[in-house]
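>>> Here is a sequence with its predicted model. Questions after.
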Amino acid sequence: MTAATRVKGWCPSLLAPMVSGDGLLVRVKPSAATLTLAQAQSLAQAALRDGNGMIELTNRANLQIRGLSPETVDAFAAAMQAEGLAANDGPFEQIRNILASPLGPEDLSATFDSHALAGELEAALAQSPELHRLPPKFGVLIDGGGALSLAGHEADIMLRAHSGGLGLWIGGSDLAAHVQPGSAVEAALALALAFLTLGSSRTPPPRRMRDLVSQMGSAAIFAKAGLAASPRTPPVAPAARPMSGPGWLSLGLPFGQIEAPRLLSLIGKARALGAEALHCTPWRAFVVSGLAEAAIEDLQHWARSAGLIISPDDPRLTIAACPGYPHCASGRTQSRADAERLARSGLASGTSLHVSGCEKGCAQPKAAHFTLVGESEERYSLVRNGRAGDTPVATGLSLDAAITELRKGRSNAPRL
Ligand code: SF4
């Protein structure tokens, strides 16, 4: 590992890997949530060569690559930079957190081209070194609305389609400024600078916009950015998102994970069907675009047989599970295979489930109604309303015994 890459204990990026139970973990942040098929292929090949081949989609539509080592992490980073999937500048790469609605101009029902705006914002951020001091988790969301809108997802600064134009919200506030498309980037940068300026007088400085809002209110932040804001209701999250539309197909990843060989197969199939790109979503799905109508059906058949998710009701979308044994050296149980069994048991409905190969709880840092934690080969402990590292209420459970416990406990599970 060189000076260019520094191990971090939290919030990893490509140049700041995080130590995890299965080695080093890095995040790749495709611009405008999109990879060409050639970029996706390079990423999958590099993940196989330099890591353990496990790739995850995060709730910010980033790709998380697992199982790298100090000997391979630089080669992986260089490969991603060569593909245009990361910046060379470490501080900029760390704060290059722009979540765009997945389809961009390919969503004909969107109000504006979120990808074009994301590109403009990224270029402007690169040219604004004063903003490279933003906290690493600070991010901007750009939602063009339409079929695959980001309604329901949040960020520190949010540009959303609103009332036929653009609304600019900040995290933790119901106030929004109405902006013209031509001034949206300038307004977003002004808000980011206002966050840094106002936050610098606080001890400790806030790490997220919502922290600053709770300390001083949002009106002062909009005023500092030179923006007039008034109460506006943001778009409401849809009950379910469509899985396909004109020219595109959404494919869910079981438990948000895909192995590099399966991703390479998907890329090969998509390429053969004339697809152009792979878009990342914050809801654990890839969207394949550039498909003819007949190709959509073909890809759907292929995806079902490949074990990918093609229905919004698939319970695997709601269970968190880490790779576990044999993919992770720390895994004591086959957490993902066991999560598949749990999904088939019907237990996923109405409760949050987390299956973890050990107490590190990589798949879900927050609490779940029920967390099964790998204890020894084929044995789990059960944590109720907590995290993987919390004190269990039962230990030494086979998966069958755990399912029985979950059935008993589900009816009176409180909301978290
Ligand atoms: S939680 Fe899962 S992925 Fe993380 S170290 Fe444990 S077994 Fe490995």
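In hand now; what should we look at?
>>> For stretch 346-358, which outside residues touch it?
Stretch 346-358 is contacted from outside by 21, 315-316, 318-325, 328, 330-336, 338-339, 342, 361-364, 368-374, 388, 403, 406-407, 410, 413, 416, using CB atoms under 8 Å, 6 or more residues apart in numbering. Backbone N, C-alpha and C define where each C-beta goes, glycine included.
>>> Among those residues, name the buried ones.
For these, a burial check counting by 16 or more other CB atoms under 10 Å picks out 21, 315-316, 318-325, 328, 330-336, 338-339, 342, 361-364, 368-374, 388, 403, 406, 413.
>>> out of these, which touch the ligand?
Taking CB under 6 Å from any ligand atom as the test, the ligand is in contact with 21, 322-324, 328, 330-331, 361-362 out of the buried ones among the contacts of stretch 346-358.
>>> out of those residues, who's nearest Gly172?
Gly361 (26.5 Å; CB to CB).
>>> show me where the protein has helices.
Taking DSSP state H as the test, the helices found in the chain are 37-50, 73-82, 90-95, 114-126, 184-199, 209-216, 218-224, 260-272, 293-305, 335-345, 399-410.
>>> Can I get those helices in JSON lines including mean pLDDT and distance to Gly167?
Converted to JSON lines, those look like this (pLDDT from 0 to 100; distance: least, CB to CB, whole Å):
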{"stretch": "helix 37-50", "mean pLDDT": "98", "distance to Gly167": "32"}
{"stretch": "helix 73-82", "mean pLDDT": "97", "distance to Gly167": "33"}
{"stretch": "helix 90-95", "mean pLDDT": "94", "distance to Gly167": "23"}
{"stretch": "helix 114-126", "mean pLDDT": "98", "distance to Gly167": "13"}
{"stretch": "helix 184-199", "mean pLDDT": "98", "distance to Gly167": "10"}
{"stretch": "helix 209-216", "mean pLDDT": "97", "distance to Gly167": "15"}
{"stretch": "helix 218-224", "mean pLDDT": "98", "distance to Gly167": "12"}
{"stretch": "helix 260-272", "mean pLDDT": "98", "distance to Gly167": "34"}
{"stretch": "helix 293-305", "mean pLDDT": "97", "distance to Gly167": "33"}
{"stretch": "helix 335-345", "mean pLDDT": "91", "distance to Gly167": "37"}
{"stretch": "helix 399-410", "mean pLDDT": "86", "distance to Gly167": "40"}
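>>> Those: which one's closest to Leu103?
helix 114-126 (8.3 Å).
>>> ok and that closest one relative to helix 184-199, angle-wise?
Between helix 114-126 and helix 184-199, the angle comes out at 50 degrees (axes from the mean of the first three to the mean of the last three CA atoms, to 10 degrees).
>>> Other residues contacting helix 114-126?
With contact meaning CB under 8 Å, 6+ apart, helix 114-126 is reached by 31-34, 87, 89, 92, 95-96, 98, 100-101, 104-105, 131, 140, 142-144, 159, 181, 184-186, 188-189.
>>> Buried subset of the residues you listed as a PyMOL selection?
Selecting only the buried entries of those in PyMOL, with 16+ other CB under 10 Å as the criterion:
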select buried, resi 31+32+33+34+87+92+95+96+98+100+101+104+131+140+142+143+144+159+184+185+188+189
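>>> quick one: which of the contacts of helix 114-126 sit in strands?
The strands, defined by DSSP state E, take in 34, 98, 100, 140, 142-143, 159 from the contacts of helix 114-126.
>>> Which members of these define the maximum pairwise distance?
The widest separation within those (CB to CB) is 17.5 Å, between Thr34 and Leu159.
>>> List the contacts of the residue in the chain that the ligand sits nearest to.
Closest contact between the chain and the ligand, by CB to the nearest ligand atom, is at Gly21 (1.9 Å). Contact analysis of Gly21 by CB under 8 Å, 6+ apart lists 328-331, 357-358, 360, 362.
>>> So of these, which two are at opposite extremes in space?
Farthest-apart pair in the contacts of Gly21 is Ala329 and Cys362; separation 12.4 Å (CB to CB).
>>> Now the common contact residues for those two.
Residues touching both Ala329 and Cys362 (CB under 8 Å, 6+ apart): 21-22.
>>> where does the chain come near the ligand, residue by residue?
20-22, 322-324, 328, 330-331, 356-358, 360-362.
>>> I'd like to know which of these are part of strands.
Mapping those onto strands (DSSP E) picks out 20, 356.
>>> What count of nearby residues applies to Thr233?
By the criterion of other CB atoms under 10 Å, Thr233 has 9 neighbours.
>>> Next: Ile170.
Quick note: Ile170 (other CB under 10 Å) scores 28 neighbours.
>>> With Thr203 instead?
Residues lying near Thr203 (other CB under 10 Å) number 5.
>>> Kindly report the same for Gln41.
18.
>>> can you count the residues close to the residue lying closest to it once chain neighbours are set aside?
Of all residues beyond its chain neighbours, the one nearest Gln41 is Ile267 (5.1 Å), with distances taken as CB to CB, 6 or more residues apart in numbering. The tally of other residues near Ile267 (other CB under 10 Å) stands at 22.
>>> How about Gly268?
Neighbours of Gly268 (other CB under 10 Å): 12.
>>> Likewise for Ile157?
Residues lying near Ile157 (other CB under 10 Å) number 24.
>>> What residues are bridge-paired with it?
Val140, Ile170 (DSSP bridges).
>>> which residues touch it?
Neighbouring residues of Ile157 by CB under 8 Å, 6+ apart: 139-141, 168-171, 188, 191-192, 209.
>>> repeat that for 6 Å
140, 170, 188, 191 (CB atoms under 6 Å, 6 or more residues apart in numbering).
>>> Write down the beta-bridge partners of the closest residue in space to Asp174 that isn't next to it in sequence, one by one.
By the measure of CB to CB, 6+ apart, the closest residue to Asp174 outside its immediate chain neighbours is Pro231, 5.3 Å from it. For Pro231, the beta-bridge partners are Leu175 (DSSP bridges).
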